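> what shape does this take:
(4 chains)
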There are 4 protein chains.
Amino acid sequence: MIKVGIIGATGYAGNELVRILMNHPEAEVIWYGSKSYEGQKYADVYRNMFEITDDICKGDDLDKLSEDADVIFTATPQGFLAGILTDSVLDKTKIIDLSADFRLKDVSVYEEWYKIEHKRPDLLPEAVYGLCEINRGLINKDTRLIANPGCYTTTSILALFPAVKEGLIDTASIIIDAKSGTSGAGRGAKTDNLFCEVNESIKPYGVGTHRHTPEIEEQLGYAKGDDIKLIFTPHLVPMERGILVTAYADLKPGTDEKAIRAAYSKYYEDERFVRLLESGVYPQTRFTKCSNYVDVNVQIEPRTGRLIAMATLDNLIKGAAGQAVQNMNILFGLPEETGLEAVPVIM
Amino acid sequence: MIKVGIIGATGYAGNELVRILMNHPEAEVIWYGSKSYEGQKYADVYRNMFEITDDICKGDDLDKLSEDADVIFTATPQGFLAGILTDSVLDKTKIIDLSADFRLKDVSVYEEWYKIEHKRPDLLPEAVYGLCEINRGLINKDTRLIANPGCYTTTSILALFPAVKEGLIDTASIIIDAKSGTSGAGRGAKTDNLFCEVNESIKPYGVGTHRHTPEIEEQLGYAKGDDIKLIFTPHLVPMERGILVTAYADLKPGTDEKAIRAAYSKYYEDERFVRLLESGVYPQTRFTKCSNYVDVNVQIEPRTGRLIAMATLDNLIKGAAGQAVQNMNILFGLPEETGLEAVPVIM
Amino acid sequence: MIKVGIIGATGYAGNELVRILMNHPEAEVIWYGSKSYEGQKYADVYRNMFEITDDICKGDDLDKLSEDADVIFTATPQGFLAGILTDSVLDKTKIIDLSADFRLKDVSVYEEWYKIEHKRPDLLPEAVYGLCEINRGLINKDTRLIANPGCYTTTSILALFPAVKEGLIDTASIIIDAKSGTSGAGRGAKTDNLFCEVNESIKPYGVGTHRHTPEIEEQLGYAKGDDIKLIFTPHLVPMERGILVTAYADLKPGTDEKAIRAAYSKYYEDERFVRLLESGVYPQTRFTKCSNYVDVNVQIEPRTGRLIAMATLDNLIKGAAGQAVQNMNILFGLPEETGLEAVPVIM
Amino acid sequence: MIKVGIIGATGYAGNELVRILMNHPEAEVIWYGSKSYEGQKYADVYRNMFEITDDICKGDDLDKLSEDADVIFTATPQGFLAGILTDSVLDKTKIIDLSADFRLKDVSVYEEWYKIEHKRPDLLPEAVYGLCEINRGLINKDTRLIANPGCYTTTSILALFPAVKEGLIDTASIIIDAKSGTSGAGRGAKTDNLFCEVNESIKPYGVGTHRHTPEIEEQLGYAKGDDIKLIFTPHLVPMERGILVTAYADLKPGTDEKAIRAAYSKYYEDERFVRLLESGVYPQTRFTKCSNYVDVNVQIEPRTGRLIAMATLDNLIKGAAGQAVQNMNILFGLPEETGLEAVPVIM
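You can find the predicted model right below:
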């Protein structure tokens, strides 16, 4: 059994990690880390866990935890992990980080977007960006640090990757209009996230300034082999889970729908968790809910001849905890779908 | 592997049956019965199943199905099963019926409440009322027909059973105020169930006339050993899943909170799926969501000295498909929790 | 024009007061009091008011405000008004208090339930409990202090008042099962009120301990002419606005449905804002939404012969701001419906 | 008093028309037309109207109605009005049509998109497209037929009109990503619009094929003075009311944010119902809810230099019934805001 520690186990992504790992046949949670609830029963914070676990929340002593854990998931605020991660910890255990600390290779980009000094820029080259479908080949048993991608990022990249990789679109024209449920905003007690502020309303936010923008640009840039600048507009939707991305781009001359579908099939037809929908079927967040699936489809808009690429996933699973477990599976040589085979729940 | 047929696979309870059985290690669905969608791919009706099953919806030929299936779940309208069930079918297979056709032992009560002539009253004595925690002892390998309880019924009975069984309350005083999500109303295209009619509103309905009333009365009557008449008031809540029952009753003289808790502990402490909450903790539907758990608690109201018993469950799981699978497990000698170990999903 | 000051203008009830008063032909808001947002534009807090008012939030200087205001609404935390209210203020202006400070006549009951020392118990005898339909006769131009009733309280009392007043029910048997939208919990940034904690779930809370209990008991006690103890169980429903009360009581011998309906007609048929629904029609919160209406109905449960009384209203309007304005209209000799004629909005 | 007839009074837009007209000081509804509910009390269909109107639903006899009504609102299915409208009717009364029948000037475009033969193409030249802020000058006392714009259309056009009219953007680059609440889908009993299908999910639909596309293109084409082809992608959001449009376009060389804001100010600063938000403030549907306001803002995306134009409104009010009443006000020489002064309701 893989011994798993979680730092940040009482956030929403943390709770999903716990839930997924409880159904994982090869892993067990040995440390429910939560600074805020240290000393309290985990099941008193999340009563869905009553009679399922009696464990007590522990703190964030990464060093101590690294003695016992085979792998540590950190679902912590930006800057936290970079601030406490030591070489000694990395010598003893593996880290899968759900925060943004090791996602961007260029420390100056990180510091510009997150307004935080990065304490361990020396570890950036070593960290693997864990978007499994693209980078699984970079992960092996010697990998020490995996940067688990953001939720918007995973959706956006998977919506556009084949088109960019195969050079079928003009990357300067990319517009990503993204819509997310509210769990992505976390469990912090903020007025903006109250039921009465969120329900029955939709709004754009962080227009031109959302922190997932450079992460999408960097990863799609690798696919293209050159820098990309794009528009990313997130919106808050009155629902708990789910992200939908609707992306637009100009096609390169001579590209038709057949070529586009062929490219998407090439990259996704053998993927366990990416489902390329049939032509004319549009993704809906509820068809990926509570699962690790990503539903993708593409269409040439008939009036303007542009590409519309759509993708949905569950932001807490494939967009966070599920992908983190998928990365763990790769890291430990397990089949990628181990513990992640839940069928989507439509409601 | 247990070969399972489902008649009514495209209703909400049917979809949950499919989803649960896909994760069941000892069962496989061999027949997706759906009169309305016969000939269409099941995954075209429920796109969460895309790339998970390619099966085609079949009709409702119970006779043909009984040749191949070890067990048949019928999630069909009231009167349907009683209208087509033959002895020949029952000789070849087992039936677990999610409709009300075989729940009430007294055919005149059935016909009064359902306004339907019962076509097979002769089978009523044989049918086992499959509220597992109470009647599992009545199910064995020779059982041919199990009447799976209603959703409101399961919640209401489990909220009150220990108090009634132990004679701690005046059964003439029982009031059950129940609140249900909208999936209980089914997938029929009715104006009343449109998003814009349901959302942002709560309403009572079927006051004094809801069909689960005689079912609750009959089963609690067995616990008491005498007839019971009670008030049952259902309400529709703007959410998809979940039932909450708040029940009220006068205590018998001399009964205190300690005696009440002892009674509930006696019946529930060894139950895998019934969780008696700690004193002062109230059930919330979200803590049983997408699981087979029932959360129960009891409290003596301090000002009036009456019992308040509360229970929650997921109406599509413990209130329908999950309990049906639990009954199947008992019927086939499997551990009751087989395929039902999903941890509740809080959102 | 009546000059109105509001202390607590940035809470949800405060915002509704502002909105209602903007459509009131005889009143104008001269003071948007909000300690938290003092110095900010009101329309920056509530952007629905953009280009409608440019006013700046002021503080809570009741004394200064009383110089200019003909009436002051206080939508403030419990204990606040009693802590600052002076005789000098009451000599200069009228107070309509939306908090609980002056609702209970017995200071010891207040202090027991609110765990606060009451600073002005001497004013309790003078304060009028402003449930307009019952107490409008107690309000005249010399009234200085009106205690605006609570939202659960208004719904509960109006559901049961005629039955209690006419002596048709056994008051010892009253059970009030209440369901409320989330705006009743206020705009405070609490984890429990986040969208992801409230949505898709229903829960009871404050069972046997909710502070509206003694208020209901006191007022129904006046109707009866004797003390009443009852059960009041509130539930949180995943919607923004609306309260539904389902109340149960044993009928006095000889009381039938005709007598019950006659009693309700007697008190409500001439009321502008109380609608006694037709027999067999159940109230739904959405049919009173955004209006000052209360929908009421009664039914004798056929199996047990008990009374079921149901009532709905919009907790922010008839349950708070609307009733406060109704009280203001009475106080200033205006027709009660002035500014309150909005037709309910069904969605 | 203007005598108003409504054909289609029991749809969602029809109900809003009734509600708005009840608060209109210069109009009264004399005909609640509803084929489906003919002979039933209007308040039995919409119980929010109980004790507010006792009127009975009538049929769709336009000819008879035209004898009595000063103006008739038709909130009817596509093709209906064109199928029954006669010159005799137009000689006797005014028509404000909320369907699409007279919105598109080119009958072949209508027939292509709506798959219906147009029965009165001869009336198309005469019909005024009633987007009040743009075309109010075309409406006078002799106007007989106003085509009230679609909800997506009004939002999209108002989001982009100043930029197109002033020639600041490359119209070939326009992408409109629109998000709508569910009331836009109407009150028909369709499975897709059930609570359990809509809630907790977002989806695109009609990608490249939505019927509001040619309407937007035609009207923006008039602003430009030339044909426009654009991308319009609608999405269904789990809420009842509200539309948000996020539109993208390339700027013409030399255009900066100052020029853009100046253009929007030029057209909107004197508009009663269009609010150009302050820089950096993004529209939210809830801030226009239940009102006739449209909130608009524009921003130059910093990374790509493109325009992002955003607009929100209430699809049932400014997107349907409210704008229809605004057109009526213009037609009858009343101040445009008459009966439309409701302050937005944030929840």
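
> measure stretch A:239-248 end to end?
Counting by CA to CA, to the nearest Å, you get 24 Å between the two ends of stretch A:239-248.

> so for it, mean pLDDT?
For stretch A:239-248, mean pLDDT is 98.

> any part of that stretch near chain D?
Yes. Applying CB under 8 Å from any CB of the partner chain, one finds stretch A:239-248 touching chain D at A:239-242, A:244, A:246, A:248. Backbone N, C-alpha and C define where each C-beta goes, glycine included.

> now the strands for the stretch 151-300 of chain A?
Listed in chain order, the strands of the stretch 151-300 of chain A (DSSP state E, counting those that start in this stretch) span A:169-180, A:203-204, A:231-236, A:243-251, A:274-276, A:294-300.

> how about these in a markdown table, adding mean neighbour count?
Supplementary listing: these in a markdown table, determined by neighbours: other CB atoms under 10 Å in any protein chain shown:
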| stretch | mean neighbour count |
| --- | --- |
| strand A:169-180 | 23 |
| strand A:203-204 | 24 |
| strand A:231-236 | 25 |
| strand A:243-251 | 25 |
| strand A:274-276 | 22 |
| strand A:294-300 | 24 |
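
> of all those strands, which one is nearest chain B?
strand A:274-276 (5.2 Å; CB to the nearest CB).

> so that closest one, near chain D or not?
No. Strand A:274-276 stays out of contact with chain D when judged by CB under 8 Å from any CB, the minimum separation being 15.1 Å.

> what does that strand rub up against?
A:133, A:158, A:261, A:264-265, A:267-269, A:293-297, B:50-51 (CB atoms under 8 Å, 6 or more residues apart in numbering or on different chains).

> which residues of the stretch 101-250 of chain A lie near chain D?
Residues of the stretch 101-250 of chain A lying near chain D (CB under 8 Å from any CB): A:172, A:175, A:177, A:179, A:181, A:196, A:199-205, A:207-209, A:213, A:229-231, A:233, A:235, A:237-242, A:244, A:246, A:248.

> other SSEs contacting the longest helix anywhere in chain A?
If you go by DSSP state H, chain A has its longest helix at helix A:151-165. The contact analysis (3 or more CB pairs under 8 Å, 6 or more residues apart in numbering or on different chains; DSSP states H and E) places helix A:151-165 against helix A:132-135, strand A:169-180, helix A:212-224, strand A:231-236, strand A:243-251, helix A:257-268, strand A:294-300, strand A:307-313.

> list the buried residues of it.
A:151-165 (16 or more other CB atoms under 10 Å in any protein chain shown).

> what residue in the stretch 201-347 of chain A comes nearest to chain C?
Closest point on the stretch 201-347 of chain A to chain C, by CB to the nearest CB, is residue A:240, at 5.1 Å.

> of all the contacts of strand A:274-276, which two lie farthest apart?
A:261 and A:293 (19.1 Å; CB to CB).

> those two: who's more crowded?
residue A:293 (29 against 17; other CB atoms under 10 Å in any protein chain shown).

> residues in contact with that one?
With CB under 8 Å, 6+ apart, residue A:293 has these contacts: A:273-275, A:287, A:313-314, A:318, A:344.

> mind putting those residues into TSV with distance to residue B:101 and pLDDT?
Listed next are the contacts of residue A:293 as TSV, based on distance: CB to CB, whole Å; pLDDT from 0 to 100:
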residue	distance to residue B:101	pLDDT
A:273	41	98
A:274	43	98
A:275	38	98
A:287	32	98
A:313	41	98
A:314	37	98
A:318	42	98
A:344	31	98
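
> ok, the residues you listed vs chain D, which is closest?
residue A:287 (8.1 Å).

> the stretch 201-347 of chain A against chain B: which residues are in contact?
So the stretch 201-347 of chain A meets chain B at A:240-241, A:275, A:277, A:281, A:284, A:286-291, A:295, A:341-347 (CB under 8 Å from any CB).

> what's the neighbour count on residue A:270?
9.

> so how far is residue A:133 from it?
10 Å (CB to CB, to the nearest Å).

> what do you get for residue A:225?
19 Å.

> these two: which is more packed in?
residue A:133 (21 against 9).

> residue contacts, that one?
With CB under 8 Å, 6+ apart, residue A:133 has these contacts: A:158, A:267-268, A:271, A:273-274.

> same deal with residue A:303?
D:208, D:213, D:229-231.

> apply 6 Å and report the result again.
residue D:229 (CB atoms under 6 Å, 6 or more residues apart in numbering or on different chains).

> look up phi and psi at it.
Main-chain torsions, residue A:303, degrees, to the nearest 10: phi -90, psi -30.

> can you tell me how far it sits from chain B?
Applying CB to the nearest CB, to the nearest Å, the value for residue A:303 to chain B is 27 Å.

> equivalent analysis for residue A:155, please.
17 Å.

> so how far is stretch A:129-142 off the chain centroid?
14 Å (CA atoms, centre = their mean, to the nearest Å).

> start to end distance for it?
15 Å.

> buried residues, that stretch. List them.
Buried, per 16+ other CB under 10 Å, within stretch A:129-142: A:129-136, A:139.

> can you tell me the closest non-neighbouring residue to residue A:6?
residue A:73 (4.9 Å; CB to CB, 6 or more residues apart in numbering or on different chains).

> count of neighbours near that neighbour?
Quick note: residue A:73 (other CB under 10 Å) scores 33 neighbours.

> okay, and the beta partners of residue A:5?
On DSSP bridges, the residues paired with residue A:5 through beta bridges are residue A:31, residue A:72.

> who touches the residue nearest to residue A:249 when sequence neighbours are not counted in this structure?
In this structure, residue A:249 finds its nearest non-sequential neighbour in residue A:169, 4.0 Å apart by CB to CB, 6+ apart. Contact partners of residue A:169, counting by CB under 6 Å, 6+ apart, are A:163, A:249, A:251, A:307.

> what does residue A:19 give?
So residue A:19 contacts residue B:343 (CB under 6 Å, 6+ apart).

> element containing it, please.
helix A:12-22 (DSSP states H and E).

> only the buried residues of whichever helix or strand residue A:67 is part of, if you could.
Per DSSP H and E, residue A:67 falls inside helix A:62-68. In terms of neighbour count (16+ other CB under 10 Å), helix A:62-68 has its buried residues at A:62, A:65-66.

> noted, bye for now.
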